[in-house]
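S.K.: this is the structure alone, sequence omitted:
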C-alpha cells in the first residue's frame, strides 16, 4: 500500500502551516508553504480547496492574506486530513462484499462471492484508520519542536 501525494502533501502542508504560523502573526501564504515543502503553489491550491471546504483551515483574502487553522491543531487528526483530500487508506479495492469486483480482486481463487482474506484486509484497514485517528496535528507539531 502506498499513499498518493495528495495525502502526504496535505499532511506536510498542514504541519508547515502550523510551523509558519508560529513564526509570524497572521495568515500564511501558500507561497511560503511551497518554499518550505517544495510543493508547487498550484498543487497546494488544489489541496487547500478541500481543506478549506471541510473546515480545517480558513482563508484570508487580500494583501497579507493566506491561511489559518480553523480549529485547534489538537482537534485535527490525520485521518480527517486524508479523508478531506480524498486519500484512500484502504489496503485493497474489494474490501467488502458490497464493493466486490472480481476483476479488482487479486486473491487467487474467486469461486466464492467474497475471498477468504477479506476479514484480514478489513482488520488492517481498521488498524490503519485507528492509528491515523490517534495522531493529531498538534502531535506532529510537538514532534517537530523536539527535533
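M.R.: Everything's here; your move. Computed from a prediction, not measured in an experiment: that's the story for all the values here.

S.K.: verify the contact between residue 92 and residue 119 for me.
M.R.: No: taking C-beta atoms under 8 Å as the definition, residue 92 is not a contact partner of residue 119, at 11.9 Å. For glycine as for every other residue, the C-beta is placed from the backbone atoms N, C-alpha and C.

S.K.: out of those two, which sits in the more crowded spot?
M.R.: Neighbours per residue, other C-beta atoms under 10 Å: of residue 92 and residue 119, the larger number sits with residue 92, 19 against 11.

S.K.: pLDDT value on that one, please?
M.R.: Per-residue confidence (pLDDT) for residue 92: 70.

S.K.: so which strand or helix has the most centrally placed residue in the chain?
M.R.: Residue closest to the average C-alpha location in the chain (C-alpha atoms, centre = their mean): residue 82, at 2.4 Å. When secondary structure is defined by DSSP states H and E, residue 82 falls within helix 78-84.

S.K.: one more: residue 63?
M.R.: With elements delineated by DSSP H and E, residue 63 resides in a region that no helix or strand encompasses.

S.K.: please report the distance of the residue nearest to the centre of the chain from residue 65.
M.R.: When distances are taken as C-beta to C-beta, to the nearest Å, residue 82 and residue 65 turn out to be 26 Å apart.
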